[in-house]
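[1] sequence and predicted structure, then a few things I'm wondering about:
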Amino acid sequence: MGIFDKGVAKTKRSFFERLSRVVVGKSKVDDDLLDNIEEALIASDMGVDTTLKIVDALQDRVERDRYVSLAELTEMLREEIAALLDVSEDETGGDETLPFDFSKKPYVILVVGVNGVGKTTTIGKLASRLKSQGKKVILGAADTFRAAAVDQLTIWAERAGVDIVKQGMGADPASVAYDTVRSAVAKGADVAIIDTAGRLHNRIDLMNELTKIRNVMRKVIPDAPHDVLLVLDGSTGQNAFQQAREFSRATDVTALAVTKLDGSAKGGVVIGIVDQFRIPIKFIGIGEGTDDLKVFNKREFVNALFSEDDFRK
């Protein structure tokens, strides 16, 4: 089983179990089957707007071609969903190639997301991955509102063998971010990854805090951050949509990391969020291990989700 097969296994099983009840005995695609596809897509938490976009496109093609076999339908679904993911960056040579421009040194990544989505763990896994590829990494513990967040990031820094910049609990997050990028420049680091507080209590406060962090970093590195990485829990379905909406309003999110995808039957949320917010996915988390943060590959993801054999079982 490939890494993306593992990541979408529950979503795939749920989706095709729903379809199998209406596909059996049919020789062509009709309105009833399209209605059931719509229900299955919505049940996978792809979102109503994205689901209707897919179903409308399928219906247009069915009407144009007049007869469509189930095998052809499979290919149509694959093509339509792949098209929605086209905002994601083109693959650059497999999972070993990280989607960063290392000519920008240090490459600054600001990581945002609510508490509990796996944000700090994602940072730790990414730091380990970068270190294993010979990159010099510095972490910044700018989530100063929770002592546990700083402690957790410190443990990950020690585990990965990378430096960390931190201050006391309650310190100004922007001050930590400033110290982190200044240290990264002074030490010749390749990458600086900065954690932020996972709060959505007030969008204005969130916006002001992230704007302040961005402004102080630019005193050191004018084009920082090079990525604003939003971490989402793939198992939360529509809550992930809401988080993407709030953070996109608060700051210029440039990339997504979707965690806990292997434990959810709601993997359609990946497609819906990319379609609705036009933000590329860079990473997916499919397990607890350090190596279970994978570079997202849209072709492998779609091929894992849709297989002709599933329509015939």
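    Structure's in. What do you need? Numbering: from 1, shown residues only.
[2] what about the helices in the chain?
    Assigned by DSSP state H, the chain shows helices spanning 3-23, 31-43, 48-65, 70-84, 119-132, 147-160, 173-187, 203-217, 238-250, 268-277, 298-305.
[3] between the last one and helix 268-277, how many degrees?
    Okay, so that is helix 298-305. Between helix 298-305 and helix 268-277, the angle comes out at 140 degrees (axes from the mean of the first three to the mean of the last three C-alpha atoms, to 10 degrees).
[4] give me the mean pLDDT for helix 298-305.
    The average pLDDT for helix 298-305 rounds to 78.
[5] same question for it: list its buried residues.
    Buried residues in helix 298-305, defined by neighbour count with 16 or more other C-beta atoms under 10 Å: K298, E300, F301, V302, N303, A304, L305. All C-beta spots, glycine's among them, are computed from the backbone N, C-alpha and C.
[6] make CSV from those residues and add distance to I193 to it.
    Below are the buried residues of helix 298-305 laid out as CSV (distance: C-beta to C-beta, whole Å):
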residue, distance to I193
K298, 24
E300, 25
F301, 24
V302, 29
N303, 31
A304, 28
L305, 30
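[7] tell me the spacing between the residue minimising distance to the centre of the chain and K105.
    Geometric centre of the chain, nearest residue: A257, 2.7 Å, by C-alpha atoms, centre = their mean. Plainly put, A257 is 22 Å away from K105 if you go by C-beta to C-beta, to the nearest Å.
[8] then K282?
    As judged by C-beta to C-beta, K282 and K105 stand 19 Å apart.
[9] who has more neighbours, these two?
    Using other C-beta atoms under 10 Å as the criterion, K282 and K105 rank with K282 on top: 21 against 17.
[10] just list the residues touching the more buried one, thanks.
    Neighbouring residues of K282 by C-beta atoms under 8 Å, 6 or more residues apart in numbering: E89, P99, D227, L229, A255, L256, A257, V295, F296.
[11] swap in K187?
    K187 touches K136, I138, D163, counting by C-beta under 8 Å, 6+ apart.
[12] how about T251, phi and psi?
    Phi and psi for T251, reported as degrees, to the nearest 10, are phi -160, psi 170.
[13] and it, how many neighbours?
    The number of residues packed near T251 is 21, by other C-beta under 10 Å.
[14] same check, this time on the one 3 residues further on
    When counting by other C-beta under 10 Å, one arrives at 16 neighbours for T254.
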